[in-house]
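>>> Turn this into a model:
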Amino acid sequence: QLQVVESGGGLVQPGGSLRLSCAASGSTLDPYTIGWFRQAPGKDREGVSCIRKFDGTTFYADSVKGRFTISRDNVNNTIYLQMHSLKPEDTAVYYCALHPFTTAERMCRFSTVASWGQGTQVTVSS
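All right, here's what the predicted structure looks like:
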């Protein structure tokens, strides 16, 4: 059974930084893909950034390119989302998600997901 658990999140001022973590468990398949999605009140869920574990290929939504960086720790099966230059429009519940074999782009663009985390709130406000 695939599982992901998020940590991080919180309140930050505009222009600030925050790091989210996501720990994956329940699978030993190297090709798995893991990513971050977000949903703000009244808006559709958006694939923010995704990464494929075994080769590190990544995908970023246009709205976060140049500001967010996704990285992986294969030893601990954990990925990180480092967020810089945060804006009020980044405010949302951020969800970690996992799929055993899809590509990073397909996961983020089409929400190709096998397991979702519980979500963590990120609020950007002064």
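
>>> quick one, helices of the protein?
Assigned by DSSP state H, the chain shows helices spanning 104-110.

>>> can you pull out the strands in it?
Ranges of strands within the chain are 3-8, 10-12, 18-25, 33-39, 46-52, 58-60, 68-73, 78-83, 92-99, 115-116, 120-124, based on DSSP state E.

>>> Now do the fifth one: which elements does it pack against?
This means strand 46-52. Packing contacts for strand 46-52, counted by 3 or more CB pairs under 8 Å, 6 or more residues apart in numbering; DSSP states H and E, involve strand 33-39, strand 58-60, strand 68-73, strand 78-83, helix 104-110. Bear in mind the C-beta positions are built from the backbone N, C-alpha and C, glycine included.

>>> Highest mean neighbour count out of those?
Stretch with highest mean neighbour count among these: strand 33-39 (a mean of 25; mean count of other CB atoms under 10 Å).

>>> What angle do strand 3-8 and it make with each other?
60 degrees (axes from the mean of the first three to the mean of the last three CA atoms, to 10 degrees).

>>> what's the spacing between strand 33-39 and its chain's center?
Here strand 33-39 is found 4 Å from its chain centre; the criterion is CA atoms, centre = their mean, to the nearest Å.

>>> same deal with stretch 109-122?
The answer for stretch 109-122 is 8 Å, by CA atoms, centre = their mean.
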